[in-house]
Structure formats: C-alpha cells, structure tokens
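Novice: Sequence and predicted model, in that order:
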Amino acid sequence: MNKQSESRSPLTLRSWLERLAQTDRLVVAQPGMELKHQIAAIGKRMDTSKAVLFPQPGGHSIPVVTGFMSRREWIAEAMGVDNSELLQAYRHAAENPLPWQEVPAGSAPCQAVVHREVDMRTLLPIPTHSEHDSGPYITAGLIIARNPDTGVQNVSIIRIQVNSKDRMAVLMLPRHTWAFYQASVKKGEPLPVAVVIGVDPLTLLASQAIVPINHDELEIAGALHGTPLRVTKCLTSELRVPADAEIVIEGRILIDEREMEGPFGEFPKYYSSAEKREVIQVDAVTHRKDPIYHTIVPAEMEHLLMGAIPREATLLAHLQRSFPGVQDVHLSVGGTCRYHLYVKLRKQREGEPKNVILGAFAGHYDVKHVVVVDEDVDVHDPKQVEWAIATRFQADRDLVVISGAQGSILDPSTTVAFAGEEIPQEMQGISAKMGLDATRPVRYEGHVFTKVHVPGEDRDPAQYLQGPATAETRKLFAE
Ligand code: MN
C-alpha cells in the first residue's frame, strides 16, 4: 500500500523540507522576523503555496518553519500515494499499526542537548499568532501521554500557552489525553507528558488519527512510514518519544493547579475565551544539535488538513462498515474541515441516506451538518454539493434535525445561549445536528434526475483547437 518502504528511507522533517526546497515549494524569509504576529502573518499569506523557513526569528538562534503540509497533494506525496488513494492508504495504516523500535536513551538525536533548568519564554522561538491571542502558543506540539492503567501511549496535538518560566496551560478536549489525566487524578498523581515539536509529516498526520483509546498513534506513524518509528525514553519519565524529533519538552500535568488560558484563535476562525485550565509543569527540554521549531498557523490549511484527512479516513471506514454503498466522504474547507461532512452514496433503497446521516453523527462529535449525495456528485467540489441540495432536496421530507447532542466546544454557536455565564465543563459544546438527504429517488421517470452531460465533454479538446485567433481567423468576426 505504501511506496515509502519500497523506494526511500523513512521520510524525515529535514528530508521533506529538502524535497520542498528542490521543487520550489519552500521559501526562506529575511532573518529576524518578529515572533509576535509577523511570522504568522507571512505564514498565512504563503499558506497552500509555499512552506516558509524563518531564520533567526526575533533574534533567536533556532529557526521556525511553517506550512510544509498545507496541500492535499503534498500530504499524498509524503505518504507515497496518489491523491485518490489518500484515505484508503491512511485507513490501511490506522488499521495495521507497526510497533515502534527503541533507541537507547541518551543516544537519540532529540536528546543531543539537554536543559534541566528552563525558561520557556526564551528557550524556544514560540510565536504569538492572532491579534487577540493571550500570548505565545505552541501550536504544533504533539502531546504524548501514557494510560496510567494500561501503559499504552496516546498522541494528540493540544494547544499550549506559555505562562511563565516553567509553566504552560493547556486545553484538553474530552478525548484520550483527558481520559488519562482523569485516571491520574483518581490516583492522586500528576500525568507525565512530553510535548514533541518538529516531527516528520507522517508522524504529524498519525497524531491526528481517530482511533479508539489505547491505540498508540506512534504505531500508526510507523505504519505510514512502512517501517517502525524510532523512539526513545524520556529523561524524566517512562514516556517514549520520536527519537528523530527536533525538540522535546518533558513535564507533568498537575492535578490541583489551574491557570488562565486564552483567548486563542482556533480552527473555526474564532477565539476561544479565556478560562482556567490545566497546567503543565516543565521538568526538562531536550533537542537536536541545531533544532528547527515548527509552528502551525491556526485555521490555515496546514491546521485544517491535518485534522481533515485522518478524520475523513476514519469516517469513511466507519460508514462503510454499515453502509457498503458509501463511496467517498469529504470534510469541506468552508465547514472548517471538521463540521460539514459530504457523503457520496450509491443509494440502493429509499431511506438509506437518513441512516447514513445518523451513522455519520456517531462517527465523530465534531460532525455537525451532513449532506448525502449521489454518485454523480463530486464531494470534493462544494459547488456540486450545493447543486445537489438545490435540486434533489426538499426540506419537509429530506431534513434530519437532532437537538442537544454533543458537538464541538470550539463552535461558538453552541455556547451563545449561555453568554456571560460561566458554563460548567459538562455543559460545553451542546449542539444541534442537521442532515440533508440530497439524493434523487432510486426510481424516477425518464431523465428527470439525470445530470446533463455532453458526450465528449470529458476529453481534452486540445487536438481540435487551432489556438489564438490569427489575422486569418479574425475575419470570421470582422465588423
Ligand atoms: Mn488516541
């Protein structure tokens, strides 16, 4: 499935940047760009066209890189597959994890330099991104934690606000890191975590896999690489981290401490408000000899795609288990690559699209609006999906609405009813769900639901065209 293992040594962050550089997809900024807003502003403007490397950001010796995974076809390229195989290849890796390979502690590149006394405000070049952000945020930090009960690791990306010399506040969504933290709290112990910054594209993608708890995303990284991921033990905990990472922050999420976190501009292109949230106590920082710091500009394509592709792959797998007629899914960019799911269905029976809609809501709590379309509609083209809604959907019979379900706490419309009040954690993110069956009837008269097609329109007409009008052909429309 994966060509990586056949033709190349495992992809690293540095080899990927080199490939981008050789193909004019990486641009180097002037030295000394400001960490506050300037890096994010430039990264945002270059998003989907080029990755940007910032030497000496804010005078810091560690360079910052951003935007190296901001196109769907770059992600497919990193995985060694065609765009059309992307979801199947990701799914194959998620379902066939490869156990990691341990590199002795101390000999891993990510531990070449060790800092026991740290000041997070100056040690790393951490940018401040959006206008109303509370300050510098680590946005591309893989949080690695261990289930205190089973010892199985979890990887996720969690936003991290640098609060002081050795303390950082985090927003944990109600998923696996949160569950491990709850188990730790029950035991009365802090939860050891590692924050890994600067990993290869495939490990980054693997961190976003939507797999059950106790499935180690680093093993999915191995499967994506086609070879076990090299890991090494942290200096201050039992955690295993990618040995070839650029930077590793070791610490613990404290059990009784809370500090203010936010506001922060998030993927839905809105700010999350400031609230008291959990705190990481930093114990050590290790890094490569000349490390590179990766930042993801929030709500831009690198951020959105990183979430979309693993979600699409798992939602497709989830739906196909119950509905073999499901052919493709897409989380649209306008729906922040999280909230709007388009499903392509080869419909066999009436009613089936509504079952698909219900199944999709169960696939991930972020899915808010689902549109089911027929196989003649390209779910990657929002214009075609809108066309299907315009011509194959009747609101009184084709609409499904569910009230009071769990939604995304980052969707601001879920919290409007509570404006001005403190919302208890268990009440956050309550959301309605809506499904649109935009499929045509299975049986219809004549060509009433046949999409207009001109025979030959799919062929490139180049061979039939003369080219620009010449003096001779201009005579055809001479006044
Ligand atoms: Mn997980």
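Specialist: The structure has been received and is ready for your questions. Residues are numbered from 1 along each chain as shown.
Novice: switch to C-alpha atoms for all contacts and neighbour counts from now on
Specialist: Will do.
Novice: distance between the helix or strand where Trp387 lies and the chain's centre?
Specialist: Secondary-structure assignment from DSSP states H and E places Trp387 in helix 382-392. In this view, helix 382-392 has its centroid 26 Å away from the chain centroid, taken as CA atoms, centre = their mean, to the nearest Å.
Novice: Can you name the residues in contact with that helix?
Specialist: If you take CA atoms under 8 Å, 6 or more residues apart in numbering as the criterion, helix 382-392 is touched by Ser332, Tyr342, Val371, Val373, Val377, Asp378, Val379, Leu436, Ala438, Thr439, Arg440.
Novice: Quick one: name whatever helix or strand follows it.
Specialist: Counting by DSSP H and E, the element after helix 382-392 in chain order, helix or strand, is helix 395-398.
Novice: sorry, back to before: now do the same for the helix holding Trp387: mean pLDDT, whole number.
Specialist: For helix 382-392, mean pLDDT rounds to 98.
Novice: Stretch 258-272 now?
Specialist: For stretch 258-272, mean pLDDT rounds to 94.
Novice: Give the rounded mean pLDDT of stretch 222-233.
Specialist: In this model, stretch 222-233 carries a mean pLDDT of 97.
Novice: what number of residues lie near Pro104?
Specialist: 11 (other CA atoms under 10 Å).
Novice: For it, report the pLDDT, please.
Specialist: So, for Pro104, pLDDT stands at 91.
Novice: I'd like to know how far it sits from Arg240.
Specialist: Separation of Pro104 from Arg240 (CA to CA, to the nearest Å) stands at 11 Å.
Novice: circling back: any chance of JSON lines for the contacts of helix 382-392, columns distance to Ala362 and neighbour count?
Specialist: Formatted as JSON lines, the contacts of helix 382-392 follow (distance: CA to CA, whole Å; neighbours: other CA atoms under 10 Å):
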{"residue": "Ser332", "distance to Ala362": "18", "neighbour count": "19"}
{"residue": "Tyr342", "distance to Ala362": "15", "neighbour count": "26"}
{"residue": "Val371", "distance to Ala362": "15", "neighbour count": "28"}
{"residue": "Val373", "distance to Ala362": "19", "neighbour count": "30"}
{"residue": "Val377", "distance to Ala362": "24", "neighbour count": "21"}
{"residue": "Asp378", "distance to Ala362": "23", "neighbour count": "18"}
{"residue": "Val379", "distance to Ala362": "20", "neighbour count": "25"}
{"residue": "Leu436", "distance to Ala362": "16", "neighbour count": "24"}
{"residue": "Ala438", "distance to Ala362": "20", "neighbour count": "26"}
{"residue": "Thr439", "distance to Ala362": "21", "neighbour count": "27"}
{"residue": "Arg440", "distance to Ala362": "24", "neighbour count": "18"}
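Novice: would you list every one of the helices in the protein?
Specialist: With DSSP state H as the criterion, the chain has helices at 4-7, 13-22, 38-46, 72-79, 86-95, 120-123, 176-187, 201-206, 217-225, 301-322, 352-363, 382-392, 395-398, 471-474.
Novice: Out of the contacts of helix 382-392, name the ones that lie in strands.
Specialist: Tyr342, Val371, Val373, Leu436 (DSSP state E).
Novice: would JSON lines of those residues with distance to Pro353 be doable?
Specialist: Converted to JSON lines, the ones in strands among the contacts of helix 382-392 look like this (distance: CA to CA, whole Å):
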{"residue": "Tyr342", "distance to Pro353": "12"}
{"residue": "Val371", "distance to Pro353": "9"}
{"residue": "Val373", "distance to Pro353": "8"}
{"residue": "Leu436", "distance to Pro353": "9"}
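Novice: so what sits against both of Pro104 and Arg240?
Specialist: Thr232, Lys233.
Novice: who's in contact with Glu278?
Specialist: Glu278 is in contact with Ala169, Val170, Leu171, Met172, Ile253, Leu254, Ile255, Glu257, Arg258, Glu259, counting by CA under 8 Å, 6+ apart.
Novice: got the phi/psi numbers for the third one?
Specialist: Right, Leu171. phi -110, psi 110 (degrees, to the nearest 10).
Novice: hmm, which helix or strand of this structure has the shakiest average pLDDT?
Specialist: Ranked by mean pLDDT, DSSP states H and E, the helix or strand of the chain with the weakest confidence is helix 4-7, at a mean of 45.
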